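Enquirer: need coordinates for the below:
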Amino acid sequence: MVLENGGVMRIDAHQHFWLLANRTGQWPPPELAAIHRDFLPSDLAPLLQQHGIGGSVLVQSLPSMSDTLFMIGLAEQNPFIRAVVGWTDLKSTHAEQQIAVLASHPKMRGLRPMLQDLADDWIDDPQLAPAIAAMQHHRLSLDALVLPRHLPSLLAFAKRYPELPLVIDHAAKPHIADSRMEPWRSLISQLAAMPQVYCKLSGLVTEAAAGWQISQLQPYAAHVLAAFGAERVIWGSDWPVLNLAADYGRWLEVAEALLAGLEPWQKQQVMGGNAQRFYRL
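Expert: Residues are numbered from 1 along each chain as shown. Below is the predicted model:
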């Protein structure tokens, strides 16, 4: 077990595995050479050990049940995968049954519709009610993979389901490369006003321009921390997508710099304690 000072395990709350053979015609394309290959637990485990990370949350990267079952299989074989966030069609007439089946797996903790590829208002739809009720019954959370344009609808969704634990992936992918803050900043503040909403400090370097500096990331990280507080911000690597803009060690260094203004106990929560609480690890 890998523990920080104070006894809080560090958790990478957002990482992916994939086999290219299962992704024909799907992202990533060949031109993204750094990530256009298979990524499996044997690739990540040494990085976690090297950097003192005690476990991970494995998150879906394809909108398919077969991908989710692939992840569940990996989690069963690899103890460091402490939770799985999978996928099912939340608007399917069979959603309730599919959610019950997935929730029967002991490491299943959440679901993630790939909202960044869907219409802005897909999530703000009463048709989701049966699926959300099933998620709540089975104690599953929702990971929101969104862009800033989705935030108004996500806000309406969060108000409709105040009992559903919800985490915004990658801080909603703000426009860091363009140095734009609004309307992202004000919408993030509104979402943060709801206590069931958390936010992941992940994916920032891939939203920045090539040659990024920490100073370009800092205003976005600072706003997330100010809005959500250290008790509802969750660190993740977004590995291996991270490899497009940095390596694992570099992102950890950057995260430490972005969290430099926090008290030690607050850093421990962001780097692991909050993930353990949110995902019931």
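Enquirer: skip the chain neighbours and tell me the closest residue to residue 115.
Expert: The spatially closest residue to residue 115, leaving aside those adjacent along the chain, is residue 146, at 4.9 Å (CB to CB, 6 or more residues apart in numbering). In this view, the C-beta of every residue, glycine as well, is placed from N, C-alpha and C.
Enquirer: give the contact list for the one you found.
Expert: Applying CB atoms under 8 Å, 6 or more residues apart in numbering to residue 146 gives the contacts 115-116, 154, 168-169, 172-173.
Enquirer: inside helices: which ones of the residues you listed?
Expert: Among the contacts of residue 146, the members found in helices (DSSP state H) are residue 154.
Enquirer: what's the farthest-apart pair in the contacts of residue 146?
Expert: 154 and 173 (12.4 Å; CB to CB).
Enquirer: contact partners for the residue positioned nearest the centre of the chain?
Expert: Central residue of the chain (CA atoms, centre = their mean): residue 169, 4.1 Å from the mean position. Contacts for residue 169 (CB under 8 Å, 6+ apart) come out as 14, 59, 112, 143-146, 200, 202-203.
Enquirer: same check on residue 18?
Expert: Residues near residue 18 by CB under 8 Å, 6+ apart: 38-39, 61-62, 67.
Enquirer: and residue 81, by the same measure?
Expert: Applying CB under 8 Å, 6+ apart, the residues contacting residue 81 are 41, 55-58, 74-75, 107.
Enquirer: cutoff 10 Å now
Expert: The contact partners of residue 81, by CB atoms under 10 Å, 6 or more residues apart in numbering, come to 15, 17, 41, 44-45, 55-58, 71-72, 74-75, 107.
Enquirer: bridged to it, which residues?
Expert: Beta-bridge partners recorded for residue 81 (DSSP bridges): residue 56.
Enquirer: any idea how far residue 145 is from residue 111?
Expert: Residue 145 is 11 Å from residue 111, where distance means CB to CB, to the nearest Å.
Enquirer: neighbour count for residue 154 and residue 173, which is higher?
Expert: Just comparing residue 154 and residue 173: by other CB atoms under 10 Å the higher neighbour count belongs to residue 154, 24 against 20.
Enquirer: now rank the contacts of residue 18 by neighbours and give me the top one.
Expert: When the contacts of residue 18 are compared by neighbour count (other CB under 10 Å), residue 61 ends up highest, at 23 neighbours.
Enquirer: how far away is that one from residue 106?
Expert: In terms of CB to CB, residue 61 sits 22 Å off from residue 106.
Enquirer: repeat for residue 37
Expert: Distance of residue 37 to residue 106, given as CB to CB: 30 Å.
Enquirer: where does the stretch 151-281 of the chain have low pLDDT?
Expert: The stretch 151-281 of the chain contains no residues with pLDDT under 70.
Enquirer: hey, where'd the strands end up in the chain?
Expert: Ranges of strands within the chain are 11-15, 55-59, 81-86, 108-111, 141-144, 166-168, 197-201, 233-235, based on DSSP state E.
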